[in-house]
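> Provided below for reference: sequence and predicted model.
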Amino acid sequence: DAGVIQSPRHEVTEMGQEVTLRCKPISGHNSLFWYRQTMMRGLELLIYFNNNVPIDDSGMPEDRFSAKMPNASFSTLKIQPSEPRDSAVYFCASSLSDYGYTFGSGTRLTVV
Amino acid sequence: EDQVTQSPEALRLQEGESSSLNCSYTVSGLRGLFWYRQDPGKGPEFLFTLYSAGEEKEKERLKATLTKKESFLHITAPKPEDSATYLCAVQAANTGGFKTIFGAGTRLFVKA
């Protein structure tokens, strides 16, 4: 298995632009998580899905953030419009039931 | 409020110098406690899950233990390749799902 695949690895965009981050979880995993990591705040859970259904989005910072999981093999995290304070590394992770998570390599987002 | 506190923030060891990392947690009902390793530029890598006080898990030079209030990650005779950030995370039993809260991590440096 190739693991959790995220794209792009790096994204540089201008303030106000729309950004879409993509994630392909491990086949057979039924839970998917989006985390954001910064030096100041560490790893923060943004949203998680169970069997493609959003369960808890209380970590989504603002309405500018949205996430979808149209099927078991794909999820997106969208920021519209982006702001400089959104700059961070965004991780996607998947798991099967309550085993440990498998994280992707992350997307480093820079908003200028 | 569920909380995870790791100490120390950073730890510098000589190769072969054993030590322990601490993870203190406050959670209404512990479903599981997890340890991850994170290398620079990569996503966290799952190491262990502990479910109940008194439980221990081992992997190579690492040994994780759990009490009702804290967990320790013991590193025996570390090598330079053990240098990484070690993250502790807890999953609360009352969330109805798999929401996992991470600590800020301990950065470990092992010098040859």
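Sure, I can see it. Residues are numbered from 1 along each chain as shown, chains lettered A, B, ... in the order given.
> quick one: end-to-end distance for stretch A:67-87.
17 Å (CA to CA, to the nearest Å).
> tell me which residues in it are buried?
Neighbour counts using 16 or more other CB atoms under 10 Å in any protein chain shown place A:Ala67, A:Met69, A:Ala72, A:Ser75, A:Leu77, A:Ile79, A:Ser82, A:Asp86, A:Ser87 of stretch A:67-87 among the buried residues. Just so you know, the C-beta spots here come from the backbone N, C-alpha and C atoms, and that holds for glycine as well.
> ditto for stretch B:42-62
The neighbour-count check on stretch B:42-62 (16+ other CB under 10 Å) flags B:Gly43, B:Pro44, B:Glu45, B:Phe46, B:Leu47, B:Phe48, B:Thr49, B:Leu50, B:Leu62 as buried.
> host element of A:Arg108?
In this structure, A:Arg108 sits in strand A:107-111 according to DSSP states H and E.
> what of B:Ser24?
strand B:19-26.
> report the contact partners of residue 54.
No chain specified, so I'll use chain A. A:Ile47, A:Tyr48, A:Ala67, A:Met69 (CB atoms under 8 Å, 6 or more residues apart in numbering or on different chains).
> not quite, go with chain B.
Contacts of B:Gly54 by CB under 8 Å, 6+ apart are B:Leu66, B:Thr67.
> please identify the buried residues of the helix or strand where A:Phe33 lies?
Assigned by DSSP H and E, A:Phe33 belongs to strand A:31-38. Across strand A:31-38, burial judged by 16+ other CB under 10 Å covers A:Ser31, A:Leu32, A:Phe33, A:Trp34, A:Tyr35, A:Arg36, A:Gln37.
> can you report phi and psi for B:Asp82?
For B:Asp82, the backbone dihedrals are phi -80, psi -10 (criterion: degrees, to the nearest 10).
> right, and the helix or strand after the lowest-mean-pLDDT helix or strand in chain B?
The weakest-scoring helix or strand in chain B, judged by mean pLDDT, DSSP states H and E, is strand B:100-102 (a mean of 89). Moving toward the C-terminus from strand B:100-102, the next helix or strand (DSSP H and E) is strand B:106-111.
> parallel or antiparallel, list what pairs with that following strand.
Using DSSP bridges, the strands paired with strand B:106-111 are strand B:10-14 (parallel), strand B:84-92 (antiparallel).
> got the CA positions of the shortest one in PDB?
Right, strand B:10-14. What follows is strand B:10-14, C-alpha atoms only, in PDB (Å, rounded to 0.1, in the frame of the first residue of the first chain):
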ATOM      1  CA  ALA B  10      13.400  19.400  24.200                       C
ATOM      2  CA  LEU B  11      15.900  16.800  25.400                       C
ATOM      3  CA  ARG B  12      19.500  16.400  24.400                       C
ATOM      4  CA  LEU B  13      21.200  13.000  25.000                       C
ATOM      5  CA  GLN B  14      24.500  11.400  24.300                       C
END
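> confirm A:Tyr99 sits in a helix?
No: counting by DSSP: H, G, I helix; E, B strand; the rest coil, one finds A:Tyr99 to be coil, located in no helix.
> residues in contact with it?
With the criterion set at CB under 8 Å, 6+ apart, A:Tyr99 makes contact with B:Thr49.
> pLDDT at it, what is it?
Among the per-residue scores, A:Tyr99 shows a pLDDT of 71.
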